[in-house]
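Q: what shape does this take:
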Amino acid sequence: MDVDRGFLTGIDPAAVHGELVDDRFVRAAIRLSGGPTAFGLPATLTRTEEVGTG
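A: Prediction:
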């Protein structure tokens, strides 16, 4: 998508994640199903979001 991303400059990524994402239920389900490795996921369950500039 080619849109104006100027509004992103004033956003604190850590604060936004905490306000928009509630992953407690997913993490509990994964834990009860054998943990992240049972799904081929890294134990840390982290990821990186990137916004392209081009």
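Q: and the gap between the residue most central in space within the chain and P36?
A: Central residue of the chain (CA atoms, centre = their mean): R47, 5.8 Å from the mean position. Separation of R47 from P36 (CB to CB, to the nearest Å) stands at 12 Å. (Each C-beta comes from the backbone N, C-alpha and C, glycine too.)
Q: how is the residue nearest to the centre of the chain assigned, secondary-structure-wise?
A: coil (DSSP: H, G, I helix; E, B strand; the rest coil).
Q: can you pull the pLDDT of it?
A: At R47, the model reports a pLDDT of 77.
Q: and what of G52?
A: For G52, pLDDT reads 68.
Q: which is the next helix or strand following the lowest-mean-pLDDT helix or strand in the chain?
A: Among the helices and strands of the chain, helix 13-20 carries the lowest confidence by mean pLDDT, DSSP states H and E, at a mean of 80. Using DSSP states H and E, the helix or strand that follows helix 13-20 towards the C-terminus is helix 24-32.
Q: other residues contacting that next one?
A: 36, 38-39, 41, 45 (CB atoms under 8 Å, 6 or more residues apart in numbering).
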